[in-house]
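>>> need a 3D model of the sequence below.
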Amino acid sequence: MSLSSGLPVFPGTISASGRPATLGVMGGGQLGRMFVHAAQRLGYFTAVLDPDAQSPAGLVSHHHIQTGYADEQGLRQLAALCDAITTEFENVPAGALQALAASRPVAPGAAAVAIAQNRIEEKSHFTASAAESGALAGVSCAPYAAIETEAQLAAVPAGLLPGILKTARMGYDGKGQVRVKTAAELAAAWAGLKQAPCVLEKMLPLKAECSVIVARGWDGRIVSFAPQRNVHVDGILAVTQAYEGNMPAALAQRALAATHAIAKHVGYVGVLCVEFFLVDDGSADGALVVNEMAPRPHNSGHYTMDACDVSQFDLQVHAMAGLPLPQPRQHSPAVMLNLLGDVWLDADGRARTPDWQAVLALPGTHLHLYGKTEARAGRKMGHLNITGADIAAVKATARQAAAILGLPGLEDI
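Residues are numbered from 1 along each chain as shown. Coordinates of the predicted model:
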């Protein structure tokens, strides 16, 4: 398959060399594991490139290439095995994806991943998407300033404070972020981040957070899930609420249109998540601010595995392989609870076994664990999806499960 042929990688196809149709993924974490499972359900062979011998995806894949992401021999081996290749996280070197794309379809492409790797470029992309399409009308970035030099630091407008200083690269789950109130705190924080390129974002009065997941094919077709409402605790996603009415209808449509425009502007192929803030601007519903994008399936879309007829990982497989993209249908309201390693630790930090017996006795609970053998505070170990016939019942069950497991973030649902 070439980028220009438009021919799909069909499930169960045997190549002229006798090799089964194989899909590859850069990265062996839980997102890669769930992608591998989705690909294998369709009959594909899979290959994972990840340096960790115990990577969750590598343990369940047909092939595990245990090398670094920029290792030339490993990349050649992956390309030789695979008919198409994707990535499970945005910090895979964009250059590695570009090298793979010389001989194999890669979705998403290096250019899109490179944008998501740099907050400065990401914000420029959001601005350009808005200017080109007009679909982002009423959806803007938070006021910000790029800080890469002492001169830029000195020129930061006072109106951006208080704010959040974020490293331009490698920041996720609250890492690489410092809240600052004054110019002196800003200077100290930038020094503490070793004067790495950063973005200072103005603190806004948040009402809520939400995200939109779309999938875009090689032919430009886009399908999407309805926006989901999220709760973060200490910078890490804790709860996702996915049901009709979880946010005002007009804002939901605006978020969908904005996400479509962002994907189209860069010629995106694959699954894309765009996160938004809902801020208090004095209006009844509030205003949307685009925060960041993730060029991959996202934690906030895990509910799709049990509440929809097609999951985000199914769409990832379809998009990269050139298969038809079905419009997902959500058949049940859902709440997703993120399970961090803290659930396996008592108040004194000692290991314990969560009471799965009590959790799984609750109606509509679906437990997904990632096969990680060591639980650490803050480490993503799994998630729990709760589905049901009506929203009230799902919320009640989610609160019960959270109480059993000692999970935060359920106070307001």
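>>> give me the beta-bridge partners of V214?
For V214, the beta-bridge partners under DSSP bridges are S224, L272.
>>> so how far is A101 from it?
Computed as CB to CB, to the nearest Å, the V214 to A101 distance reads 21 Å. Where you see a C-beta, it was placed from the backbone N, CA and C, and this is true even at glycine.
>>> more crowded one of the two?
For V214 against A101, the residue with the higher neighbour count under other CB atoms under 10 Å is V214, and the figures read 24 against 17.
>>> who touches the more buried one in this structure?
Neighbouring residues of V214 by CB atoms under 8 Å, 6 or more residues apart in numbering: I222, V223, S224, F225, T259, H260, A263, V271, L272, V274.
>>> just checking, what packs against the helix or strand containing the last one?
Spelled out, it's V274. Counting by DSSP states H and E, the element that carries V274 is strand 270-279. Identification of packing neighbours for strand 270-279 by 3 or more CB pairs under 8 Å, 6 or more residues apart in numbering; DSSP states H and E yields strand 206-216, helix 249-265, strand 287-294, helix 312-321.
>>> and it, C-alpha only, in CSV?
As requested, the backbone C-alpha atoms of strand 270-279 are provided in CSV (Å, rounded to 0.1, in the frame of the first residue of the first chain):
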residue,chain,number,x,y,z
GLY,A,270,-6.1,8.8,12.5
VAL,A,271,-7.8,9.4,15.8
LEU,A,272,-7.4,12.9,17.3
CYS,A,273,-8.5,14.3,20.7
VAL,A,274,-8.9,18.0,21.3
GLU,A,275,-9.3,19.2,24.9
PHE,A,276,-11.3,22.4,25.7
PHE,A,277,-11.9,24.5,28.8
LEU,A,278,-15.3,25.8,29.5
VAL,A,279,-14.7,29.2,31.1
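>>> tell me the angle of it relative to strand 206-216?
Orientation of strand 270-279 against strand 206-216 (axes from the mean of the first three to the mean of the last three CA atoms, to 10 degrees) gives an angle of 160 degrees.
>>> starting at the chain centroid, how far to strand 270-279?
Mean-position distance between strand 270-279 and its chain equals 9 Å (CA atoms, centre = their mean, to the nearest Å).
>>> then stretch 366-386?
Put simply, stretch 366-386 sits 16 Å off its chain's centre (CA atoms, centre = their mean).
>>> what's the first-to-last distance across it?
The first residue of stretch 366-386 is 6 Å away from its last residue (CA to CA, to the nearest Å).
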